[in-house]
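Asks: based on what follows, work out the 3D shape:
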Amino acid sequence: MGAPFWRLFASSGVSNLSDGIVVAVLPLLAATLTRDPVAVSLLGSLAFVPWLLFAIPAGALVDRVNRRTAMAVANSLRAVLLVALAVLVVTDRASIAVLYAVAFLLGCNETIYDNAARAVLPLVIRRSQLERGNSLLTTVESVGNIFLGAPIGAWLFALGASIPLWGNAAGYLLAALLILTVSGRFRVARAEPTTMRHDIAAGLRWLLRHRILRMLMVTTGFAGFAQSLTNGILVLFALQNLGLSERGFGILLAVAGVGAVLGSLLSPVLTKFFGRTAAMGGCEIGGAAALLLMGLWQQPIAAAVLFAVSGGAIAAFNVQIMSVRQVLIPEELFGRVQGAYRTVIWGGIPLGMLAGGGIGAWLGLPAVFVIAGVLGIAAGVASWWVLQRSHREIAEAFAEHDQSDN
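Replies: Okay, here's the model as predicted:
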């Protein structure tokens with residue numbers, strides 16, 4: 001791991017800290033305007049709708065431009081959006097419609113940033129270091145998004161609704177400056193000029209013809225949909241069913257962050273000890289089972305422990321599946337194939353969040369967690385089956401990349 005990786009690591013840490021603050025603050029702002037679970041779920045879903053609409057074009061764009069610059073511009077635009085929202089909050093002009101617009105636009109920039117960030121990683125480390133590099137980046141994402149960002153956002157919100165927004169904007173600007181200090185080659189060499197339409201079509205054809213990634217895209221997409229059923233109503237579940245305060249909600253997120261950090265760090269160990277197939281299948285199934293138990297056992301301490309287990313299992317699985325994609329997808333196609341893959345994975349999240357809000361209004365909030373757990377377990381079993389059938393091909397891909405480093 002050289003200096004370019006650690007600068008990428010620092011930039012990712014600051015950026016994800018800002019992401020975590022947003023994740024906590026926007027739902028809390030919405031909860032001051034409405035307690036309708038459908039309305040609150042819609043806010044969360046709008047942040048992911050851009051993945052359904054723009055992930056593939058964003059990935060194609062990332063394959064055509066300097067990926068480092070794309071990350072810096074995306075974070076700068078997110079800073080501008082949050083400054084504007086902070087001004088509206090201070091002047092008491094914020095509304096649920098304004099929050100919807102901000103969430104959507106933040107999500108648009110995230111499609112560019114995330115596609116570029118994962119495409120940059122293989123360019124600053126050796127292929128044999130991918131599992132460790134993904135583990136460290138996922139760890140800092142978990143620390144920023146959940147362990148630090150979310151509770152800091154909730155606690156600052158309790159002091160003043162606009163305070164975390166100003167800090168957020170400053171964080172995104174700092175992350176933009178840090179990524180510009182990373183040295184290396186971040187624009188993919190192109191043999192001949194092509195159109196965006198051609199690039200998108202080439203990426204989609206490659207993905208749909210790749211049996212392993214095509215099948216994993218379906219199973220993990222369904223798992224993401226199942227998990228997202230709980231995302232939009234989590235704040236209401238915590239405040240109403242668990243009886244937590246706003247600061248208590250921040251503590252709940254912090255405990256989940258601890259689990260996610262541990263899961264990210266332990267992911268390479270789990271892969272080495274149990275094997276890639278068993279580790280990935282076990283993490284996906286275990287994370288879903290913890291959500292199911294949260295719905296059945298509505299006690300604050302138990303919920304915190306189970307949420308930590310779920311977060312850790314999901315984080316470990318994300319490290320493992322990202323490493324698999326990075327060794328299977330060619331560098332010159334990575335942005336658009338990753339974008340197409342995430343269209344399915346992340347595109348199902350807003351649908352799940354909306355469905356979760358509807359289920360919560362109909363059957364009650366605990367039922368959302370039970371249903372999410374059952375569906376997630378089914379998806380985990382399906383993923384394990386795909387990985388078991390593809391074990392040899394995946395192992396050969398990792399072996400080839402290890403040899404290329406030498």
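Asks: now do the helices in the stretch 51-200 of the chain.
Replies: 67-90, 96-124, 130-142, 149-159, 163-179, 196-209 (DSSP state H, counting those that start in this stretch).
Asks: could you export the third one as PDB, keeping only the C-alpha atoms?
Replies: Spelled out, it's helix 130-142. Taking Å, rounded to 0.1, in the frame of the first residue of the first chain, the C-alpha atoms of helix 130-142 are listed here in PDB:
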ATOM      1  CA  LEU A 130      -7.500  -5.800  -3.800                       C
ATOM      2  CA  GLU A 131      -9.100  -7.800  -0.900                       C
ATOM      3  CA  ARG A 132      -7.100  -5.800   1.700                       C
ATOM      4  CA  GLY A 133      -7.700  -2.500  -0.100                       C
ATOM      5  CA  ASN A 134     -11.400  -3.100  -0.400                       C
ATOM      6  CA  SER A 135     -11.400  -4.100   3.300                       C
ATOM      7  CA  LEU A 136      -9.700  -0.900   4.400                       C
ATOM      8  CA  LEU A 137     -11.900   1.300   2.200                       C
ATOM      9  CA  THR A 138     -15.100  -0.400   3.300                       C
ATOM     10  CA  THR A 139     -13.900   0.000   6.900                       C
ATOM     11  CA  VAL A 140     -13.400   3.700   6.500                       C
ATOM     12  CA  GLU A 141     -16.800   4.000   4.700                       C
ATOM     13  CA  SER A 142     -18.400   2.200   7.700                       C
END
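Asks: now for that helix, which elements pack on it?
Replies: Contacts defined by 3 or more Cβ pairs under 8 Å, 6 or more residues apart in numbering; DSSP states H and E place helix 130-142 against helix 3-33, helix 96-124, helix 246-274, helix 300-328. In this view, the C-beta of every residue, glycine as well, is placed from N, C-alpha and C.
Asks: in the next helix or strand after the third one, what's buried?
Replies: Using DSSP states H and E, the helix or strand that directly follows helix 246-274 along the chain is helix 276-296. Burial within helix 276-296, assessed by neighbour count using 16 or more other Cβ atoms under 10 Å, is assigned to 276-277, 279-295.
Asks: out of the helices and strands packed on helix 130-142, nearest to Pro350?
Replies: Checking the helices and strands packed on helix 130-142 against Pro350 by Cβ to Cβ gives helix 96-124 as the closest, at 9.0 Å.
Asks: that closest one packs against which elements?
Replies: Using 3+ Cβ pairs under 8 Å, 6+ apart: helix 96-124 touches helix 3-33, helix 37-46, helix 49-64, helix 67-90, helix 130-142, helix 300-328, helix 334-363.
Asks: just to revisit the earlier point, in JSON lines: the helices and strands packed on helix 130-142, plus mean neighbour count, mean pLDDT and distance to Gly339.
Replies: Formatted as JSON lines, those follow (neighbours: other Cβ atoms under 10 Å; pLDDT from 0 to 100; distance: least, Cβ to Cβ, whole Å):
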{"stretch": "helix 3-33", "mean neighbour count": "22", "mean pLDDT": "89", "distance to Gly339": "19"}
{"stretch": "helix 96-124", "mean neighbour count": "22", "mean pLDDT": "89", "distance to Gly339": "5"}
{"stretch": "helix 246-274", "mean neighbour count": "21", "mean pLDDT": "85", "distance to Gly339": "23"}
{"stretch": "helix 300-328", "mean neighbour count": "23", "mean pLDDT": "90", "distance to Gly339": "12"}
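Asks: of those, which approaches Gly221 most closely?
Replies: Comparing those by Cβ to Cβ, helix 300-328 comes nearest, at 11.5 Å.
Asks: now the angle from that closest one to helix 130-142?
Replies: 140 degrees (axes from the mean of the first three to the mean of the last three Cα atoms, to 10 degrees).
Asks: for helix 300-328, name the packing helices and strands.
Replies: Looks like helix 300-328 contacts helix 96-124, helix 130-142, helix 211-228, helix 246-274, helix 276-296, helix 334-363, helix 391-405 (3+ Cβ pairs under 8 Å, 6+ apart).
Asks: mind putting those in a markdown table, distance to Ser323 included?
Replies: Output for these, formatted as a markdown table (distance: least, Cβ to Cβ, whole Å):
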| stretch | distance to Ser323 |
| --- | --- |
| helix 96-124 | 10 |
| helix 130-142 | 5 |
| helix 211-228 | 12 |
| helix 246-274 | 8 |
| helix 276-296 | 9 |
| helix 334-363 | 13 |
| helix 391-405 | 8 |
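Asks: of all the ones you listed, which one is nearest Gly44?
Replies: Nearest to Gly44, of those and by Cβ to Cβ, is helix 334-363 at 4.8 Å.
Asks: now the closest one: buried residues?
Replies: Buried, per 16+ other Cβ under 10 Å, within helix 334-363: 334-360.
Asks: now do the contacts for Ala260.
Replies: Ser142, Asn145, Ile146, Phe147, Ala308, Gly311, Gly312, Ile314, Ala315 (Cβ atoms under 8 Å, 6 or more residues apart in numbering).
Asks: as a quick check, tell me the outermost residue of the protein.
Replies: The outermost residue of the chain relative to its centre, with distances by Cα atoms, centre = their mean, is Glu192 at 33.6 Å.
Asks: any weak-confidence spans in this protein?
Replies: Across the chain, the ranges flagged by pLDDT under 70 are 146, 189-191, 401-406.
Asks: turn the helices and strands packed on helix 130-142 into JSON lines, including distance to Ile233.
Replies: As requested, those are exported to JSON lines (distance: least, Cβ to Cβ, whole Å):
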{"stretch": "helix 3-33", "distance to Ile233": "10"}
{"stretch": "helix 96-124", "distance to Ile233": "16"}
{"stretch": "helix 246-274", "distance to Ile233": "13"}
{"stretch": "helix 300-328", "distance to Ile233": "14"}
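Asks: tell me which of the ones you listed approaches Arg132 most closely.
Replies: helix 246-274 (6.1 Å).
Asks: and that closest one, how far out from the chain middle?
Replies: Chain-centre distance of helix 246-274: 14 Å, with Cα atoms, centre = their mean, to the nearest Å.
Asks: what's the neighbour count on the nearest residue to Ser390 once chain neighbours are set aside?
Replies: In this structure, Ser390 finds its nearest non-sequential neighbour in Ile212, 4.5 Å apart by Cβ to Cβ, 6 or more residues apart in numbering. Ile212 has 17 neighbours, counted by other Cβ atoms under 10 Å.
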